[in-house]
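Engineer: Provided below for reference: sequence and predicted model.
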Amino acid sequence: MEVDTLFIQLGLAVDRDAAGAGLVSRSPIDGTVLGRVAEATTAEAQAAIEAAQRAFLGWRTVPAPKRGELVRLFGEELRANKDALGRLVTLENGKILQEGLGEVQEMIDICDFAVGLSRQLYGRTIASERPAHRMTETWHPLGVCGVISAFNFPVAVWAWNAALALVCGDSVVWKPSEKTPLCALAANAILARAMKRFGAAPGALSQVLVGGRALGELLAEDRRIAVLSATGSTRMGREVAPRVARRLGRSILELGGNNAAVVASSADLDLIVRAVLFAAVGTAGQRCTTLRRLIVHESIYDRLVGRLDEAYGRVKIGNPLEAGTLVGPLIDERAFEAMGAALSEARAQGGKVRGGVRMTVPGSERGCYVKPALVEMPSQTELVCRETFAPILYVLRYRELDEAIKLHNAVPQGLASSIFTSDLREAEMFLSSVGSDCGIANVNIGPSGAEIGGAFGGEKDTGGGRESGSDAWKAYMRRATNTINYSRELPLAQGIKFDVG
Ligand code: NAD
């Protein structure tokens, strides 16, 4: 499909010329300019937050199941535009088309989840210690939900937040990554179509602010942003969190990962090779949940490394729009430089590096294509403890499970983890309180590719936030505890006597 036709279908009115003011969006596939969009000024951002605050005041009075109807329509619009939006994700972000489509499917899934949730924003009934009293817990809409998102999931992360925030009665202001503004404008335009069909939704219920870090800082500082969901690097989280905390605001932090899998001696090698490949080289290593460390039992180490080496050799690297491609380009030259620097460091530390070289893809010479790297490391050095956002898999050896778990947890991040084993004891140990310290811990599947039904997020330097399924919705609402006295007496809690004569 021609880019112009795609833009028309997605309702994107952007200047295709790179010259002039504004943010230029280039496709990592071949460096082509996709379009240029105006950045929001400070005054425009302030006005957007003000309008979102007003929209919230009306939206919070709409019954939650009715709010769910808007999200149901949004899901319908996404289904109708899945191909087009998935293709735009591939064009602007560079992930393979299957994954671009998968990202839109994830948006559809969270809409379905949120529609059901709109009838299940349950509070509890709590036994009161006082006679003829009743205690309940009520959940109310919170306010404006700010969203800051990263380039690597240019639409799904916003949808996780927006679908929940909307059924919870909040309005949304989104600052997407400066590397993927078109995806954001297209996704919000799809929501706008649903709002038009819904009829009673104010336009300012969901807005996009195109721009860079300064706009993110503005959201962090603004007291009207009741909850700020920020996805990106740990560096970004360290800057955002104190700003929000200073004004005693609420933040949901979804930051960097350094995910590992422990491979025990009883593991099924065929299954592992497939799982490792998707988790380590999929999305060109640019997922927060990408597998970055493989901790392998010494008894199968050589066999597994041999199998992986062979499988890495078969991976098709190329234009992500072409069927059969498994690995597309890195987002930009800086990502390639960071990968190169990490590999040089690994070599200097005694690492044995396979792959990691630049590739030329005919017709896409300006894209940044690279062979995923498999790196055998003598130990878990400081380099291995860092997240390098590229397809590098460090392989380490272990003898006892305790030692493997210690290595596994000895990094600053705590997002996703796996164990591959056929031994129930080892699997349960890994999932127990003395096992993996991550927010996501899996058995016999890789650490990436989470479903929306579970709460998503991680501990330590990953920020501690949870989004998406389970009871993550509670972060987008405020809780009120209500005590109702239906007697003619006034007994006090804790049996306190307060006689006024
Ligand atoms: P990044 O930190 O460079 O940027 C992310 C977003 O934060 C962008 O919108 C950017 O403009 C904004 N930003 C940057 N500095 C800011 C500041 N000081 N104040 C406010 N906003 C600021 O990250 P990236 O390169 O786009 O994405 C890759 C990173 O994101 C990786 O570390 C990856 O692990 C992480 N990530 C985490 C999750 C998760 O759910 N845990 C999901 C996706 C990506």
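Structural biologist: Looks like it arrived, so ask away.
Engineer: use CA for all of it now, contacts and neighbours both
Structural biologist: Noted.
Engineer: Point out where the stretch 201-350 of the chain drops to low pLDDT.
Structural biologist: Applying pLDDT under 70 to the stretch 201-350 of the chain flags no residue at all.
Engineer: give me that answer again for 90
Structural biologist: 201-203 (pLDDT under 90).
Engineer: Show me how far stretch 19-39 is from its chain's centre.
Structural biologist: Stretch 19-39 sits 24 Å away from the centroid of its parent chain (CA atoms, centre = their mean, to the nearest Å).
Engineer: let me fix that: stretch 131-151
Structural biologist: Centroid displacement of stretch 131-151 relative to its chain, using CA atoms, centre = their mean, is 21 Å.
Engineer: Also stretch 182-194?
Structural biologist: 18 Å.
Engineer: again with stretch 3-17
Structural biologist: Its chain's C-alpha centre and that of stretch 3-17 lie 26 Å apart, by CA atoms, centre = their mean.
Engineer: Equivalent analysis for stretch 170-189, please.
Structural biologist: The answer for stretch 170-189 is 14 Å, by CA atoms, centre = their mean.
Engineer: Up against the ligand, what does the protein have?
Structural biologist: The chain has residues 148-153, 176-178, 212-213, 216-217, 231-233, 236, 239-240, 254-257, 288, 457, 462 near the ligand, with proximity defined as CA under 6 Å from any ligand atom.
Engineer: mind running it again at 5 Å?
Structural biologist: Counting by CA under 5 Å from any ligand atom, the chain comes close to the ligand at 149-151, 176-177, 212-213, 216-217, 232-233, 236, 239, 254-256, 288.
Engineer: Is residue 452 in a helix, a strand, or coil?
Structural biologist: Look at residue 452: counting by DSSP: H, G, I helix; E, B strand; the rest coil, its state is coil.
Engineer: what about it, how many residues close to it?
Structural biologist: Residue 452: 18 surrounding residues under other CA atoms under 10 Å.
Engineer: now swap in residue 334 and tell me
Structural biologist: Count around residue 334 with other CA under 10 Å applied: 11.
Engineer: Can you list the residue ranges for helices in the stretch 351-500 of the chain?
Structural biologist: For the stretch 351-500 of the chain, the helices defined by DSSP state H, counting those that start in this stretch cover 401-409, 424-431.
Engineer: how much distance is there from the first one to the middle of the chain?
Structural biologist: To tie it back to what came earlier, the one meant is helix 401-409. On the basis of CA atoms, centre = their mean, helix 401-409 is displaced by 26 Å from the centre of the chain it belongs to.
Engineer: That helix: which residues count as buried?
Structural biologist: 401, 404, 405, 407, 408, 409 (16 or more other CA atoms under 10 Å).
Engineer: now swap in stretch 4-12 and tell me
Structural biologist: Neighbour-count burial for stretch 4-12 flags 6, 7, 10, 11, 12 (criterion: 16+ other CA under 10 Å).
Engineer: quick one, what contacts residue 354?
Structural biologist: Going by CA atoms under 8 Å, 6 or more residues apart in numbering, residue 354 touches 309, 373, 374, 375.
Engineer: Contacts for the helix or strand bottoming out on mean pLDDT in the chain, please.
Structural biologist: Lowest by mean pLDDT, DSSP states H and E among the helices and strands of the chain is helix 3-10, with a mean of 93. With CA under 8 Å, 6+ apart as the test, helix 3-10 has contacts from 13, 34, 81, 84, 85, 88, 186, 189, 190.
Engineer: Name the residues that touch stretch 101-120?
Structural biologist: Residues contacting stretch 101-120 (CA under 8 Å, 6+ apart): 64-69, 71-72, 74-76, 78-79, 82-83, 85-87, 153, 155-156, 159-160, 163-164, 167-168, 451-453, 468-469.
Engineer: So which of these sit within helices?
Structural biologist: 64-69, 71-72, 74-76, 78-79, 82-83, 85-87, 156, 159-160, 163-164, 167-168 (DSSP state H).
Engineer: Please spell out the PyMOL selection for the buried subset of those.
Structural biologist: Command for PyMOL that selects the buried part of these, burial taken from 16+ other CA under 10 Å:
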select buried, resi 64+65+67+68+69+71+72+74+75+76+78+82+83+85+86+87+156+159+160+163+164+167+168
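Engineer: any idea of the pLDDT on residue 42?
Structural biologist: Confidence at residue 42, expressed as pLDDT, is 98.
Engineer: all numbers from here: first residue = 16
Structural biologist: Right, with 16 as the first residue, what we last looked at is residue 57.
Engineer: Would you list the buried entries among the contacts of helix 18-25?
Structural biologist: 49, 96, 99, 100, 103, 201, 204, 205.
Engineer: Just the angle for the strand or helix carrying the first one relative to helix 18-25, thanks.
Structural biologist: When you say that, I think you mean residue 49. Assigned by DSSP states H and E, residue 49 belongs to strand 48-52. The directions of strand 48-52 and helix 18-25 differ by 50 degrees, with axes from the mean of the first three to the mean of the last three CA atoms, to 10 degrees as the criterion.
Engineer: Pick out the most distant pair among the buried residues of helix 416-424.
Structural biologist: Distance extremes for those: the farthest pair is 416 and 424 at 12.3 Å, using CA to CA.
Engineer: hang on, the earlier thing: tell me which of the contacts of residue 369 is nearest to the ligand?
Structural biologist: residue 388 (18.0 Å; CA to the nearest ligand atom).
Engineer: Please, where are all the strands along the stretch 166-315 of the chain?
Structural biologist: 186-190, 221-223, 240-246, 265-269, 274-278, 306-312 (DSSP state E, counting those that start in this stretch).
Engineer: Give me the neighbour count for residue 122.
Structural biologist: By other CA under 10 Å, neighbour count at residue 122 equals 27.
Engineer: And it, how close does it get to residue 48?
Structural biologist: Residue 122 sits at a distance of 26 Å from residue 48 (criterion: CA to CA, to the nearest Å).
Engineer: Repeat that for residue 129.
Structural biologist: For residue 129, the distance to residue 48 - CA to CA - is 36 Å.
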